[in-house]
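Q: got a sequence here, can you build the structure:
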Amino acid sequence: GYFVVIFGLQWLMGPATDKTKKDGALMKFAMCVHNAFLCLLSAAMCAGAGYEAYLRSQKDGVRWLFCEDIGTAASGGVFYWSYIYYLSKFVEFIDTLFKVLKRKPLDFLHVY
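A: As a prediction, the model looks like this:
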């Protein structure tokens with residue numbers, strides 16, 4: 001589905017021309033808002049995961065950072081922030097859409 005959306009949208013929009021290379025004010029504003037949101041989200045995830053890791057390390061030591069015991073239930077603050085990180089990857093997909101809408105070539109990182 002991902003490849004169909006990205007490459008299908010690229011195909012539908014066609015190649016960039018001098019007329020289509022300029023970004024509109026709305027596109028620039030949307031990109032600024034998106035990037036500011038991602039920065040704030042990343043800072044919150046870093047602070048939240050770090051704080052929760054500190055709390056759990058006080059209780060269980062640091063061994064759990066490298067290997068959980070088999071059968072450990074996914075619960076608690078560290079798992080919460082891990083899940084938020086997972087969900088943030090869907091929000092970061094918007095970066096790829098911006099590149100496609102700007103008719104720029106996709107980097108390896110945006111494709112895979």
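Q: which other residues reach the host helix or strand of Phe98?
A: Assigned by DSSP states H and E, Phe98 falls within helix 77-101. Helix 77-101 is contacted from outside by 2, 6, 9-10, 13, 27, 30-31, 34, 37-38, 41-42, 45, 48-49, 51-53, 55-56, 106, 110, using Cβ atoms under 8 Å, 6 or more residues apart in numbering. C-beta here means a position set from N, CA and C on the backbone, and glycine is covered the same way.
Q: okay, and which of those residues map to helices?
A: Residues of the contacts of helix 77-101 located in helices (DSSP state H): 2, 6, 9-10, 13, 27, 30-31, 34, 37-38, 41-42, 45, 48-49, 51-53, 55-56, 110.
Q: return the members of these classed as buried.
A: Using 16 or more other Cβ atoms under 10 Å as the burial test, the ones in helices among the contacts of helix 77-101 include Ile6, Gln10, Met31, His34, Leu41, Gly48, Ala49, Glu52, Ala53, Arg56, His110 as buried.
Q: would you list these in JSON lines and tack on distance to Asp69 and pLDDT?
A: Putting those into JSON lines (distance: Cβ to Cβ, whole Å; pLDDT from 0 to 100) gives the following:
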{"residue": "Ile6", "distance to Asp69": "40", "pLDDT": "70"}
{"residue": "Gln10", "distance to Asp69": "46", "pLDDT": "71"}
{"residue": "Met31", "distance to Asp69": "44", "pLDDT": "87"}
{"residue": "His34", "distance to Asp69": "39", "pLDDT": "92"}
{"residue": "Leu41", "distance to Asp69": "30", "pLDDT": "96"}
{"residue": "Gly48", "distance to Asp69": "23", "pLDDT": "97"}
{"residue": "Ala49", "distance to Asp69": "20", "pLDDT": "95"}
{"residue": "Glu52", "distance to Asp69": "18", "pLDDT": "95"}
{"residue": "Ala53", "distance to Asp69": "17", "pLDDT": "93"}
{"residue": "Arg56", "distance to Asp69": "13", "pLDDT": "92"}
{"residue": "His110", "distance to Asp69": "37", "pLDDT": "62"}
